[in-house]
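Undergrad: Provided below for reference: sequence and predicted model.
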Amino acid sequence: MNEAVVQEARARIGIDVGGTFTDFVLFDPAAARLLRHKQPSTPEDPSRAVAEGLAALLEAAGLGPQAVGLLMHGTTIGLNAVIQRRGARIALLVTEGFRDVLEIGRSRMPSSLNFHARKEEPLVPRARVVEIAARFDASGRPTRWPDAAELDRAAAALRALAPEAVALMLINGYAAPEAEAELAGALASRLPGLPVSSAAALWPEIREYERSLVACMNAGIQPLMLRYFDRLRERLAGQGIRAPVFVTASNGGSLSLATARARPVETLLSGPASGVMAATRLARQAGVPRIITFDMGGTSSDIAIAADGEPEFATRTEIGGLPLVLPVVAVSAIGAGGGSVLRVDAQGVLKVGPESAGADPGPVAYGRGGTRPTVTDAYLVTGLIDPARFLGGRLALDSAAAHAALREIAEGLGLTGPDAAERAAWGALRVATAGMVTEMFKTLASRGLDPAQFALLPFGGAGPTHANLLAEEAGLATVLVPAGAATFCAFGAVSADLRRDYARSLRRRLDAEGAALLAARLAALEEEARGWLAGEGGLAQDATLRRAADMRYAGQAYELRVPLDGVAPEPAALAEAFHAVHEQLYGFRDRTATVEVGTARLAIIGQVAPVPLPELPAATQPLPPAATRAVFLGEGWVRAAVHDRASLRAGHVIAGPAIIEQADTTTPILPGWRAVVDGLGNLGLERAAA
């Protein structure tokens, strides 16, 4: 029987390793069911939490290890290593005369209004940058090339620096990626045991600084990722799980483990991207055309924008203050997470974050030695979450400890009285929310978008808990809370298609010759992409190609990405497509200006068998609350109806103030709002007046 057919008939498990919790979603096609699980993360060895969570999930499902046909895995290990500068010790080999490529960067101030701002430290210090007599001209012809003696000298100089990995970047290497890759192979043969990352082989796009960073990030996280993947494989084998492992990528797709081992830089933003892709698919099924996704986990909160079933992609983002030019789902950080620490500064101002308590020690209420209150402690003190039902009762929260910690914050703010801790907690939630809304509005304004036209789709452990607060402050009319919001990134992983992006810079005028060269480059990228997909284990049922090109008017410093699907490969049609994109973004077009093509882009998407969402039966009678409890909402205490989400049916309507609880998260409904349950189990929060 075909391996892909066997995998499709067996269980698929999505895994998302976060800083505070590791999330799991199991899809069992034989029983047409979805199971979810949250496991506290183990930052010292993330594979341990994965193994422990898998064991608990399979036990809950009543399945043995042989029933697992596929593991889809997202992780932030590489991302954290880049941000915290805890990657492997690497050396960089560059064209002679370009040793300062990382030091110079783009020669821009980090902040044009702050003359004391310090630029980010280079990923590789100048002392570990070695030069080699090798470079190409703009057409890809070598103008200098090393002989065996020069290669031996460069290898010896690199070896003397005692690196764990090496990155290689040659000037104009984007025009001859195969030749640069050959040079990387020649070096690797002289440096046994050291992986060598070729910048042009990884991402053949013009601009040497950004290309160098791609290679350095890949080299810096590769040893860490390889060690993690090896430990994971050992633990899985010890549990009897022999299923293939796929790794989610920053573009919202997934890659085989072999591809991820060779190109770990493509997985840096895999977790957030998976959640956005799942949210986009869910919004399409629910008939919601425009959404702002809101991912609030333990350490931070992120948003992304999706319209008409497609998320926004970016070809440039920043990680740890450094540019990354790989295609990614456009995710923007907007503020605090559930573990963000609350404090009062020297001026008596209440601050939330950016420091996080993480998984260990975590919030004060966890009882693991944490002494500084967090956003989660504020939820507990205000009554938004139940200390006895957190994580389905698996982690009992210490309400008295959280109150004591918030009373200290209240004293720092000069608050007194019996409700001082509650007022301090509510103030912290208001501060966190105001910061999120400010960043959200800035993100939307930069794209010319009106937030009133979007629905909020929250996920992550704290996303549903904070969603109504955020929507109220931002003036949004609708919130759509998925049934499995707390493990949504893991759901995005288990339902991820295979995807990989390709690029090749050409820098040509858009005339007949330029259009022909663009078509040839796209055809070559398509051949490479189809070859890659064929080697990914036969998981994909079908393939979709998306073509685009970066274009600009002659003299402009940067290009615009222009979708080319359905555009005739003729100069006039290509130019018109660019004019339309330019006019949409900047409000004008210049038909007299010369148009240039910078980079050809192609994405291949291999469709994997979809994961169907279970439908909820229709309600036959009104739903009485399971209980009521007091909740502090700023002006004072109110009695809120408490509902168990598992008891909800399609068509149920719940008026605020109310609390909807489930094993892994809580959804408060504020006064003046109501929740309507749809056929997929989503909670549609809307203003009651509507």
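TA: The structure has been received and is ready for your questions. Since this is a predicted model, take the numbers as computed values, not measurements.
Undergrad: all helices of the stretch 401-550 of the chain, in order?
TA: Residue ranges of the helices in the stretch 401-550 of the chain, as given by DSSP state H, counting those that start in this stretch, are 420-445, 463-474, 488-494, 512-534.
Undergrad: out of the ones you listed, deepest packed?
TA: Neighbour counts averaged per stretch over the helices of the stretch 401-550 of the chain are highest for helix 488-494, at a mean of 32; criterion: mean count of other CB atoms under 10 Å. The way it works is simple: take the backbone N, C-alpha and C, and place the C-beta from them, glycine included.
Undergrad: CA atoms of it as CSV?
TA: Extracted C-alpha coordinates of helix 488-494, given in CSV (Å, rounded to 0.1, in the frame of the first residue of the first chain):
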residue,chain,number,x,y,z
PHE,A,488,-4.6,26.5,17.9
CYS,A,489,-1.0,26.6,16.7
ALA,A,490,-0.8,22.9,17.1
PHE,A,491,-4.1,22.6,15.2
GLY,A,492,-2.4,24.7,12.5
ALA,A,493,0.5,22.3,12.5
VAL,A,494,-1.6,19.1,12.1
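Undergrad: is it fair to say residue 303 lies in a helix?
TA: No. If the criterion is DSSP: H, G, I helix; E, B strand; the rest coil, then residue 303 is strand and not within a helix.
Undergrad: Now do the contacts for it.
TA: By CB atoms under 8 Å, 6 or more residues apart in numbering, the contact set of residue 303 is 292-295, 331-332, 334, 439-440, 443.
Undergrad: How about residue 613?
TA: 34, 282, 285, 483, 680-681.
Undergrad: Tell me the buried residues in stretch 69-81?
TA: By neighbour count, with 16 or more other CB atoms under 10 Å as the criterion, the buried positions of stretch 69-81 are 69-81.
Undergrad: any idea of the mean pLDDT in it?
TA: Averaging pLDDT along stretch 69-81 yields 88.
Undergrad: got it, and stretch 146-157?
TA: 97.
Undergrad: for it, the distance to its chain's centre please.
TA: Centre-to-centre, stretch 146-157 and its host chain are 40 Å apart (CA atoms, centre = their mean, to the nearest Å).
Undergrad: Tell me which residues are up against it.
TA: Stretch 146-157 is contacted from outside by 93, 130, 132-134, 183, 186-187, 190-191, using CB under 8 Å, 6+ apart.
Undergrad: which one of these sits closest to residue 604?
TA: Closest approach to residue 604 among those (CB to CB): residue 183, at 27.3 Å.
Undergrad: Surely that closest one is in contact with residue 135?
TA: No. If you go by CB atoms under 8 Å, residue 183 and residue 135 don't touch, sitting 10.9 Å apart.
Undergrad: who's more crowded, the two?
TA: residue 183 (25 against 19; other CB atoms under 10 Å).
Undergrad: before we move on, the earlier item: with distance to residue 614 and secondary structure added, can I get the buried residues of stretch 69-81 in a markdown table?
TA: Shown next, in a markdown table, are these (distance: CB to CB, whole Å; DSSP: H, G, I helix; E, B strand; the rest coil):
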| residue | distance to residue 614 | secondary structure |
| --- | --- | --- |
| 69 | 20 | strand |
| 70 | 20 | strand |
| 71 | 22 | strand |
| 72 | 19 | strand |
| 73 | 24 | strand |
| 74 | 23 | strand |
| 75 | 27 | strand |
| 76 | 29 | coil |
| 77 | 32 | helix |
| 78 | 34 | helix |
| 79 | 32 | helix |
| 80 | 34 | helix |
| 81 | 38 | helix |
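Undergrad: Go through these and name the one nearest residue 345.
TA: Among the buried residues of stretch 69-81, and counting by CB to CB, the member closest to residue 345 is residue 80, at 26.7 Å.
Undergrad: quick one on the thing from earlier: just the buried residues from the contacts of residue 613, in ChimeraX please.
TA: One line in ChimeraX is enough to select the buried members of the contacts of residue 613, burial here meaning 16+ other CB under 10 Å:
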select :34,282,483,680,681
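Undergrad: Secondary structure for the contacts of residue 613 - can I get that in CSV?
TA: Output for the contacts of residue 613, formatted as CSV (three-state DSSP):
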residue, secondary structure
34, strand
282, helix
285, helix
483, coil
680, coil
681, coil
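Undergrad: Pull the most distant pair out of the contacts of residue 613.
TA: 34 and 285 (14.3 Å).
Undergrad: In the stretch 301-450 of the chain, where is pLDDT below threshold?
TA: 359 (pLDDT under 70).
Undergrad: actually the stretch 551-690 of the chain, not the one I wrote
TA: 690.
Undergrad: all strands for it, in order.
TA: 560-563, 595-607, 627-632, 637-644, 653-655, 658-661, 666-669, 673-677, 683-687 (DSSP state E, counting those that start in this stretch).
Undergrad: so of the ones you listed, which one's packed in deepest?
TA: Using mean count of other CB under 10 Å, strand 666-669 ranks as the most buried of these, with a mean of 24.
Undergrad: Of the helices of the stretch 401-550 of the chain, which is nearest residue 237?
TA: helix 488-494 (21.0 Å).
Undergrad: Relative to the whole chain's centre, how far out is the closest one?
TA: 11 Å.
Undergrad: What lies in contact with it?
TA: Under the criterion CB under 8 Å, 6+ apart, residues 12-16, 18, 23-27, 34, 36, 72-74, 248, 252, 254, 271-279, 295, 459-460, 463, 482, 484, 611 lie in contact with helix 488-494.
Undergrad: In strands, which of those fall?
TA: 12-16, 23-27, 34, 36, 72-74, 248, 254, 295, 459 (DSSP state E).
Undergrad: quick one: which of the helices of the stretch 401-550 of the chain is nearest residue 163?
TA: That would be helix 512-534 among those, by CB to CB, at 28.6 Å.
Undergrad: what distance separates that closest one from the middle of the whole chain?
TA: With CA atoms, centre = their mean, you get 28 Å for helix 512-534.
Undergrad: Adding distance to residue 356, write the helices of the stretch 401-550 of the chain out as TSV.
TA: Compiled in TSV, the helices of the stretch 401-550 of the chain are given as follows (distance: least, CB to CB, whole Å):
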stretch	distance to residue 356
helix 420-445	12
helix 463-474	15
helix 488-494	17
helix 512-534	37
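Undergrad: Go ahead and confirm residue 402 touches residue 366.
TA: No. Taking contacts as CB under 8 Å, residue 402 lies outside contact range of residue 366: 9.5 Å.
Undergrad: For stretch 346-363, which residues meet the burial criterion?
TA: So for stretch 346-363, counting by 16+ other CB under 10 Å, buried means 350-353, 355-360, 362-363.
Undergrad: Now do the same contact list for the residue nearest to the spatial centre of the chain.
TA: What sits nearest the mean C-alpha location of the chain, by CA atoms, centre = their mean, is residue 272, with 2.5 Å. By CB under 8 Å, 6+ apart, the contact list for residue 272 reads 295, 302, 304, 329, 331, 489.
Undergrad: Residues in a beta bridge with the closest residue to it other than its chain neighbours, which ones?
TA: Using CB to CB, 6 or more residues apart in numbering and skipping residues adjacent in sequence, the residue nearest residue 272 is residue 331, 4.6 Å away. Legend: beta-bridge partners of residue 331 under DSSP bridges are residue 304.
Undergrad: what about residue 331, distance to residue 305?
TA: To residue 305, residue 331 is 10 Å away according to CB to CB, to the nearest Å.
Undergrad: list the contacts for the nearest residue to residue 297 once chain neighbours are set aside?
TA: Take residue 297 and drop its neighbours on the chain: the residue closest to it by CB to CB, 6+ apart is residue 460, 4.4 Å away. In this structure, residue 460 makes contact with 275, 294-297, 301, 485-486, 488-489, judged by CB under 8 Å, 6+ apart.
Undergrad: 6 Å - rerun?
TA: Residue 460 makes contact with 295-297, according to CB atoms under 6 Å, 6 or more residues apart in numbering.
Undergrad: Okay then, goodbye and thanks.
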